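>>> what's the 3D shape of this:
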Amino acid sequence: MANLSTGRAVRLAARTGSLTTQTAGLAPSHLQANLIVLPKPYAPSFRLLCQRNPVPCPLLAESSTPGSFSTLQSHLIRDGTPLPVARDIDLRLDAPKYLVYRDGTVSHETEDISSLWTDEHVGFLIGCSYSFEGALAEAGLMPRHVAQRRNVAMYRTTIPLCPAGVFTGSTYVVSMRPYRPEEVDRVREITRAFGETHGEPIAWGWDALEKLGIRDIGAPEWGEPARTADGTGVFGKESDEGYVPVFWGCGVTPQEAVMKAGLEGVVMGHKPGHMIVLDLRDHEVYRG
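Numbering: from 1, shown residues only. Below is the predicted model:
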């Protein structure tokens with residue numbers, strides 16, 4: 001596989017089918033994005049959902065017009081000017097894998113949604129916590145799933161979203177990375193700057209499981225269970241003494257909201273962990 005050190009290189013690899021795996025650790029310092037593609041009638045409600053829930057649903061960009069998969073309207077504004085997120089982009093092909101929903105339930109997984117995309121679809125890009133993992137690695141806080149080449153663990157919680165239009169009754173989805181308790185303050189400091197990609201953790205420590213309504217740290221709803229530091233077992237309170245779970249808002253939240261709302265028609269999104277990688281670099285976006 002070609003060197004995947006830029007967002008464009010990752011997108012082209014996905015577009016040509018040479019990349020079908022999760023994208024954690026690829027193109028360090030480039031922003032990564034979650035994708036949700038909705039029929040046009042649901043777009044106003046979704047924009048409102050993002051406005052009301054900016055931590056799990058930070059809106060980066062959307063189709064410039066209904067039906068557009070290659071031109072985007074950026075919602076990242078700096079000095080009064082939108083930041084262009086990517087050139088040469090095709091939302092139908094540039095994620096390594098997609099999930100397709102029909103009437104609010106998962107229909108199937110695919111590597112190409114071009115046959116399903118219509119003139120009535122609007123694509124939305126949501127910030128992804130993979131975007132701050134390069135900064136953590138540079139600080140000597142390499143996320144464990146990146147070092148072990150695994151997908152991050154993601155969990156459904158009982159923390160409610162603020163409702164918006166058709167989107168009611170949904171809850172946060174969170175991603176989790178283990179760290180030592182003495183590392184948590186530094187992890188919070190580093191990720192706090194990345195407000196457009198979920199920002200700092202919303203909870204940490206073993207008591208956070210009850211707060212978030214997570215029953216089993218070893219059974220995430222999406223991604224893969226975190227492994228112990230030595231890679232020999234599943235991360236847990238007893239199996240990995242000295243580490244605690246740290247939880248961030250997660251851009252899979254919109255897909256959970258789609259299922260809770262039971263939206264009619266065809267909705268599409270990235271397969272969790274299989275992101276669209278952008279041209280924007282973290283230093284161009286985050287508040288240092």
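>>> isn't residue 177 right up against residue 142?
No - the pair residue 177 / residue 142 is not scored as a contact, 9.8 Å apart, by C-beta atoms under 8 Å. C-beta: built from backbone N, CA, C; applies to glycine.
>>> look at these two and report which has more neighbours.
residue 177 (26 against 16; other C-beta atoms under 10 Å).
>>> which helix or strand contains that one?
Per DSSP states H and E, residue 177 falls inside strand 171-179.
>>> give me the sheet partners of that strand and which way each runs.
strand 153-160 (antiparallel), strand 244-249 (antiparallel) (DSSP bridges).
>>> for the last one, C-alpha coordinates in PDB please.
Output in PDB follows, covering the C-alpha atoms of strand 244-249 (Å, rounded to 0.1, in the frame of the first residue of the first chain):
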ATOM      1  CA  VAL A 244      -8.500   3.600  34.100                       C
ATOM      2  CA  PRO A 245     -10.900   4.200  31.200                       C
ATOM      3  CA  VAL A 246     -11.100   7.700  29.700                       C
ATOM      4  CA  PHE A 247     -14.200   8.500  27.700                       C
ATOM      5  CA  TRP A 248     -14.800  11.100  24.900                       C
ATOM      6  CA  GLY A 249     -17.900  12.100  22.900                       C
END
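>>> quick check: mean pLDDT of it?
Averaging pLDDT along strand 244-249 yields 97.
>>> what's in contact with it?
55-57, 129, 155, 172-181, 184, 187, 191, 198-206, 208-209, 212, 217, 226, 235 (C-beta atoms under 8 Å, 6 or more residues apart in numbering).
>>> apply 6 Å and report the result again.
55-56, 129, 174-179, 181, 198, 201-205 (C-beta atoms under 6 Å, 6 or more residues apart in numbering).
>>> buried residues of the helix or strand just after that strand, list them for me.
Proceeding N to C from strand 244-249, the next assigned helix or strand is helix 253-261, under DSSP H and E. Neighbour-count burial for helix 253-261, counted by 16 or more other C-beta atoms under 10 Å, picks out 253, 254, 255, 256, 257, 258, 261.
>>> just stretch 173-188 next, same as before
Quick answer for stretch 173-188 (16+ other C-beta under 10 Å): 173, 174, 175, 176, 177, 178, 179, 183, 184, 187.
>>> need the contact list for the second one.
Contact criterion C-beta under 6 Å, 6+ apart gives 155, 157, 247, 250 as the residues in contact with residue 174.
>>> what number of residues lie near residue 170?
24.
>>> who touches it in this structure?
Residue 170 sits in contact with 161, 256, 257, 260, where contact means C-beta under 6 Å, 6+ apart.
>>> from residue 273, how far off is the residue nearest to the last one when sequence neighbours are not counted?
Using C-beta to C-beta, 6 or more residues apart in numbering and skipping the chain neighbours, the partner closest in space to residue 260 is residue 170 (4.1 Å). Counting by C-beta to C-beta, to the nearest Å, the gap from residue 170 to residue 273 is 20 Å.
>>> same deal with residue 230?
Taking C-beta to C-beta, one finds residue 230 at 23 Å from residue 273.
>>> ok, which stretches of the stretch 51-200 of the chain are helices?
Along the stretch 51-200 of the chain, the segments classed as helices by DSSP state H, counting those that start in this stretch run 133-138, 144-147, 184-192.
>>> if you compare those, which one is most tucked away?
Of the helices of the stretch 51-200 of the chain, the one with the most neighbours on average (mean count of other C-beta atoms under 10 Å) is helix 144-147, at a mean of 20.
>>> show me how far that one is from its chain's centre.
16 Å (C-alpha atoms, centre = their mean, to the nearest Å).
>>> what residues does that helix touch?
Against helix 144-147 from outside (C-beta under 6 Å, 6+ apart): 24, 25, 133, 152, 178.
>>> mind running it again at 7 Å?
24, 25, 133, 137, 151, 152, 177, 178, 226, 229 (C-beta atoms under 7 Å, 6 or more residues apart in numbering).
>>> circling back: out of the buried residues of helix 253-261, which is nearest to residue 62?
Set against residue 62, the nearest of these by C-beta to C-beta is residue 254 (12.0 Å).
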